[in-house]
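Peer 1: Attaching a predicted model along with its sequence, questions to come.
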Amino acid sequence: MAIRKLMGSRKLWLYAGVLTLAVVLIGAAVYLKKQGTAGNAARTGSVKPLVAVTVVRHQDMYSQFVLSGQTVAAAQIDIAPKYAGKMAAVYVELGQTVTAGQVLAVQDTREIALLIAQTAASIRQARAEMTQTKAAFDAGYLQAEADYQRNLANYQRYEALLNTGAISREAFESARQQMINAKTAFAAFSEQATDGGVPASLDIKQALLDKARYSLELLQQQREDMVLRAPRPGVIGFRQVEPGLLVQAGQKILTVVDNSGIFVDCLVSEQAAASLRTGMSLDMTVGSLKRQYPGKIIYISPASDSQKQVYTVRVALEQADGALRSGMFTQADVNVLLSSQTLFVPKQALVQHNGKSYLFVISANSKVEQRPVQTGQRNDDSIEILAGIRDGEQVAVTNLSRLKPDMTVEVAAGSGAQPEHSRTGGGS
C-alpha cells in the first residue's frame with residue numbers, strides 16, 4: 001500500500017513539471033512574435049537611414065601621381081676596337097677617372113707599321129717612275145717636233161724643185177712620205193694630252209702615285225684607330241681586357257661613364273603625359289640616398305611606345321653630386337591642376353542609372369532629393385560637377401542604395417566636411 005502511494009506521488013510531480021515547461025515555451029513564443037512584429041515595423045519605415053554627407057565647395061581640383069624612374073648618366077660610352085687583333089697595352093683600371101682624348105689601350109700595330117713602310121716605298125717608286133716617264137715624254141715630244149719641222153721644210157723644198165723640173169717625181173714622193181711619217185709621229189705625242197692638259201702616259205703614272213698615297217693615308221688612319229682613346233671625360237665603369245688578349249672588331253672592352261650630368265628616365269601613362277609639360281620643376285627623391293634633388297622636365301616623347309603604350313619623360317637633376325650614380329631609383333609626387341575653383345564630389349557619391357548621372361542632395365531638413373548632374377574631369381578620388389549642384393549643398397556619400405526621393409534621413413555626426421583636393425595615383 002505504501003508503494004502505491006509513493007508511485008502516485010511521483011506521477012503527480014512529473015505532470016506538474018511537464019505543465020510548467022509548456023507554460024515557459026508558450027511564453028517564449030509569444031515574446032518572440034512580439035519582437036518580430038516590432039522589427040518588421042522598424043523595417044517598414046519607422047527607422048531613418050543613417051548617411052554620411054559632404055559639403056560641396058568651390059576649390060581647385062588637382063591630380064596627384066607618383067613619377068618614378070631610374071637615373072641615367074650624361075653619357076655611357078662603350079669602347080670597342082674597330083679592327084680585330086691583339087692588345088698590346090692597357091693603361092686604365094676599373095674606376096679610374098679619365099680625361100677626353102686620354103689613351104686607354106693600344107692594339108698591336110707592328111704588322112700595320114710594315115704595311116705603312118711598304119706603301120711609302122711604293123709611293124717613292126711611283127714618284128720616280130713618273131719623273132722618268134715625264135722626261136722620256138718630253139724628250140720624245142721635242143724629237144718628234146724637230147723631225148716633223150725638218151721633214152716639212154724638206155718637203156716644201158722638193159715641191160718647189162719638182163715644179164721647175166729639177167727633181168723627179170719619185171724623189172718628191174719620197175720626201176712627201178717622210179714628211180707624213182714625221183707628222184704622224186709628232187701627232188702621236190701631241191694627242192696624248194688629257195682634259196687636264198697632261199699626257200696620258202703621265203696621267204697613268206700620276207693615278208698610280210695618288211692611289212699609293214691614299215693607301216698610305218688609309219693605313220695611317222687604321223694605325224691611329226688602333227690607339228683607343230677616351231671620347232669624353234668620365235670614369236671607367238667596365239673593363240674586360242688585358243694585354244695580349246685577342247679581341248674581335250666591335251667587341252666591348254671598356255666603358256666610360258660620364259656622371260657630370262644626371263637624368264631620370266620615367267615611363268608614364270597617357271593621362272600622366274597629358275598633365276606634364278617641359279620646363280616643369282620637380283623634387284626627385286632618391287630612396288637609397290634618402291635625399292631630394294631638384295629637377296626639371298626637359299623631354300616628353302612625342303609618341304607612345306608601340307608595345308608598352310607608355311610615354312618616356314626625362315628629368316634633368318640639378319645640383320647633382322658625386323653620390324648620384326646611374327641606375328638609382330627615384331620618385332617624385334607631382335601635383336597638376338585639373339580645374340580651378342570648381343565643384344567636385346567623391347566618386348562614391350555619384351549614381352549611374354540608364355546612362356545618366358545623379359547625386360542624392362540632402363536638404364537642411366534632412367530630406368533626400370535625387371538630382372541629375374553633368375560631370376567633368378575625373379581622377380581616382382573625385383568627379384567634377386559642371387552643372388546640377390550649387391556651392392554649399394550637402395551630398396550623400398554612404399548608404400546610397402537605401403535612399404529614395406523625398407525620404408527623410410539621419411545625417412551621421414561629424415560628416416559634412418568639404419572634400420579634400422583629390423589625388424590620383426599610379427601615374428607612372
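Peer 2: Yep, that arrived. Numbering: from 1, shown residues only.
Peer 1: Okay, strands next: where are they in the stretch 1-150 of the chain?
Peer 2: Listed in chain order, the strands of the stretch 1-150 of the chain (DSSP state E, counting those that start in this stretch) span 50-51, 53-55, 59-79, 85-90, 97-98, 103-107.
Peer 1: Tabulate those in CSV, adding columns for distance to Leu208 and mean pLDDT.
Peer 2: The C-beta positions use only the backbone N, C-alpha and C, and glycine is treated the same way. CSV is the format used below for the strands of the stretch 1-150 of the chain (distance: least, Cβ to Cβ, whole Å; pLDDT from 0 to 100):
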stretch, distance to Leu208, mean pLDDT
strand 50-51, 101, 91
strand 53-55, 93, 92
strand 59-79, 38, 91
strand 85-90, 29, 96
strand 97-98, 43, 95
strand 103-107, 30, 97
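Peer 1: what would these look like in CSV with mean neighbour count?
Peer 2: CSV is the format used below for the strands of the stretch 1-150 of the chain (neighbours: other Cβ atoms under 10 Å):
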stretch, mean neighbour count
strand 50-51, 19
strand 53-55, 20
strand 59-79, 19
strand 85-90, 16
strand 97-98, 16
strand 103-107, 19
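Peer 1: mean confidence score for the top helix by length along the chain?
Peer 2: Once the chain is assigned using DSSP state H, the helix that runs over the most residues is helix 110-164. Helix 110-164 comes out with an average pLDDT of 89.
Peer 1: helices or strands up against it?
Peer 2: If you count contacts as 3 or more Cβ pairs under 8 Å, 6 or more residues apart in numbering; DSSP states H and E, helix 110-164 packs onto helix 169-190, helix 200-225.
Peer 1: Quick one: mean pLDDT over the longest one.
Peer 2: Confidence over helix 200-225, taken as the mean pLDDT, stands at 90.
Peer 1: Can you list the helices and strands that that helix packs against?
Peer 2: Under the contact criterion of 3+ Cβ pairs under 8 Å, 6+ apart, helix 200-225 touches helix 110-164.
Peer 1: Phi and psi next, for the nearest residue to Ser275 once chain neighbours are set aside.
Peer 2: Closest residue in space to Ser275, ignoring its immediate chain neighbours: Val336 at 4.1 Å, by Cβ to Cβ, 6 or more residues apart in numbering. Backbone torsions of Val336, given as degrees, to the nearest 10, read phi -120, psi 130.
Peer 1: same question, Arg277
Peer 2: Main-chain torsions, Arg277, degrees, to the nearest 10: phi -140, psi 150.
Peer 1: what pLDDT does it get?
Peer 2: The model's pLDDT for Arg277 equals 90.
Peer 1: Over to Gly250?
Peer 2: Model confidence at Gly250 (pLDDT) stands at 95.
Peer 1: ok, now which ones touch Asp78?
Peer 2: Counting by Cβ atoms under 8 Å, 6 or more residues apart in numbering, Asp78 makes contact with Phe238, Lys252, Leu254, Thr255.
Peer 1: Closest to the mean position in this protein, which residue would that be?
Peer 2: By Cα atoms, centre = their mean, the chain has its centre lying nearest to Thr312, at 5.5 Å.
Peer 1: Not counting sequence-adjacent ones, nearest residue to that residue?
Peer 2: Nearest to Thr312 is Ser301, by Cβ to Cβ, 6+ apart, at 4.2 Å.
Peer 1: Hmm, that neighbour is touching Thr278, no?
Peer 2: No: in this structure Ser301 lies outside contact range of Thr278 using Cβ atoms under 8 Å: 11.3 Å.
Peer 1: So for these two, which sits in the more crowded spot?
Peer 2: Ser301 (14 against 11; other Cβ atoms under 10 Å).
Peer 1: My reading is that Asp305 is in a helix; is that accurate?
Peer 2: No: Asp305 is assigned coil when assessed by DSSP: H, G, I helix; E, B strand; the rest coil, not a helix.
Peer 1: how close does it get to Val361?
Peer 2: Distance from Asp305 to Val361, counting by Cβ to Cβ, to the nearest Å: 45 Å.
Peer 1: Compare these two (neighbour count), which wins?
Peer 2: Val361 (21 against 11).
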